[in-house]
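*Asks:* Sequence and predicted model, in that order:
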Amino acid sequence: MTVEKVTPQSIALAAKLLNEGRLVAFPTETVYGLGADAANDLAVASIFETKGRPQFNPLIAHIADISWVERFAVMSPAAKKLAEKFWPGPLTMVMKKTPDSPISHLVSAGLDTMGVRFPVHPDAQKMLAAFGRPVAAPSANISGTVSPTTAEHVAQGLGDKIPLILDGGACAVGVESTILDVSGDDTPALLRAGGVGVEEIESVIGKPLRRPESDPKAPRSPGQLLSHYAPRLPVRLNAIKPAEGEAFLAFGPAENATLNLSPSGDVKEAAAHLFAYMRRLDDPKYTGIAVMPVPTYGLGLAINDRLKRAAYPH
Ligand code: TXA
Ligand code: MG
């Protein structure tokens, strides 16, 4: 691991590593991010592996220009208005993905929406511009620990796991971005309080934000929104072989696989394919999706968490 001040050389190195599917920790105005090429399934899977995240929470895609958004998501009128006022800055907007979006399904955790943020930190902007495409990044810390606001914090937690930490000094905001759901036609909803004040946002949109956490019918936290994504077909877990009519999602050596998450039995590769393959198999030409057992070590724990939710009767 190297910690490098931001120079043209370290920025070029960061872009090269991202292109190779490696991870780079970088400063933003809120907290340090652990970045990967948002279009590279395996690179995104290594974010979860490196953080030791037991669940696949959706990730935020970071951009260096508003014009990038149209390549992968749809900006509603509210999103455009809020972008004009608060981008670049500590505001993340959850938008509908375009049908042909190149962003990994693992970034959106299988949802049809994705979080997009245009950071104002000049070093983040330099790295994103040099790479030229969206970078998926959660906070650069081991899961369950406090978010890092200096390069030193990042090194303490992840130092031996990543090839490069860009050092841009202490983060000015220090708390994560505010997250708004602007994916619908209705009033934007506050999913997470953060770097931009709610009052400021409400004065721009001219009305109070929806607050899903105080609506008894709505999910209580963004994490629980995940339960909204489930295949339409019934999912049968720990299947050894498919029943008549079922699609067979295999793991490891298997016969009759419709798709195989990882023929060699690699959990990271399986994580990279999980959401994309579930979507491909969720086809009415099958009666259900039978899934082979996946071990629970490494990313296997998160895979099993998602599979259990997908199999939950709905
Ligand atoms: O300030 C920040 O936002 C930092 C820096 C690095 O940009 N990033 C950050 O990422 O805090 P993370 O992974 O710790 O938080 C992302 C959260 C998810 O846990 C989820 O709650 C929400 O963003 N999110 C992302 N995409 C979503 C979606 N499609 N629907 C609902 N929530 C989403
Ligand atoms: Mg975090």
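*Replies:* Perfect, I can see it now. Ligands and ions are numbered 1, 2, ... in the order given.
*Asks:* Report the backbone C-alpha coordinates of stretch 290-306 in PDB.
*Replies:* C-alpha atoms of stretch 290-306 as PDB (Å, rounded to 0.1, in the frame of the first residue of the first chain):
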ATOM      1  CA  ALA A 290     -33.300 -23.200  -8.000                       C
ATOM      2  CA  VAL A 291     -30.100 -22.000  -6.400                       C
ATOM      3  CA  MET A 292     -27.200 -24.300  -5.300                       C
ATOM      4  CA  PRO A 293     -25.800 -23.800  -1.800                       C
ATOM      5  CA  VAL A 294     -23.100 -21.100  -1.600                       C
ATOM      6  CA  PRO A 295     -20.600 -21.300   1.300                       C
ATOM      7  CA  THR A 296     -20.800 -18.600   4.000                       C
ATOM      8  CA  TYR A 297     -17.100 -17.600   4.100                       C
ATOM      9  CA  GLY A 298     -15.900 -14.200   2.600                       C
ATOM     10  CA  LEU A 299     -18.500 -12.700   0.400                       C
ATOM     11  CA  GLY A 300     -20.500 -15.900   0.700                       C
ATOM     12  CA  LEU A 301     -22.200 -14.400   3.800                       C
ATOM     13  CA  ALA A 302     -23.500 -11.400   1.900                       C
ATOM     14  CA  ILE A 303     -24.600 -13.700  -1.000                       C
ATOM     15  CA  ASN A 304     -26.500 -15.900   1.400                       C
ATOM     16  CA  ASP A 305     -28.100 -12.800   3.000                       C
ATOM     17  CA  ARG A 306     -29.400 -11.700  -0.400                       C
END
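*Asks:* Okay, buried residues for it please.
*Replies:* 290-292, 294, 298-306 (16 or more other C-beta atoms under 10 Å). Heads up, the C-betas are built off the backbone N, CA and C, glycines and all.
*Asks:* again, but for stretch 241-254
*Replies:* For stretch 241-254, by 16+ other C-beta under 10 Å, it's P242, E246, A247, F248, L249, A250, F251, G252, A254.
*Asks:* Ok, stretch 258-276 next?
*Replies:* Here stretch 258-276 shows 258, 260-262, 266-275 as buried, counting by 16+ other C-beta under 10 Å.
*Asks:* Test my guess that T50 contacts I162.
*Replies:* Yes - with contact defined as C-beta atoms under 8 Å, T50 reaches I162; the gap is 6.5 Å.
*Asks:* what do the two both touch?
*Replies:* Residues within reach of T50 and of I162 at once, by C-beta atoms under 8 Å, 6 or more residues apart in numbering, are L23, L34.
*Asks:* neighbour count winner among those two?
*Replies:* Ranked by neighbour count (other C-beta atoms under 10 Å), T50 and I162 place I162 first, with 23 against 20.
*Asks:* so what's the more buried one closest to, chain neighbours aside?
*Replies:* L23 (4.8 Å; C-beta to C-beta, 6 or more residues apart in numbering).
*Asks:* give the contact list for the one you found.
*Replies:* Contacts of L23 (C-beta under 8 Å, 6+ apart): L17, L34, G35, A36, A43, S46, I47, T50, K161, I162, P163.
*Asks:* Narrow the residues you listed to those in helices?
*Replies:* Counting by DSSP state H, the part of those found in helices is L17, A43, S46, I47, T50.
*Asks:* wait, which of those is closest to D181?
*Replies:* Relative to D181, the closest of the ones in helices among the contacts of L23 is I47; by C-beta to C-beta it sits at 22.2 Å.
*Asks:* Next up, the contacts around that closest one.
*Replies:* Neighbours of I47 in contact, by C-beta under 8 Å, 6+ apart: L23, L34, A36, R53, L59, A136, A137, P138.
*Asks:* Tell me where the model's unsure across this structure.
*Replies:* 213-229, 314 (pLDDT under 70).
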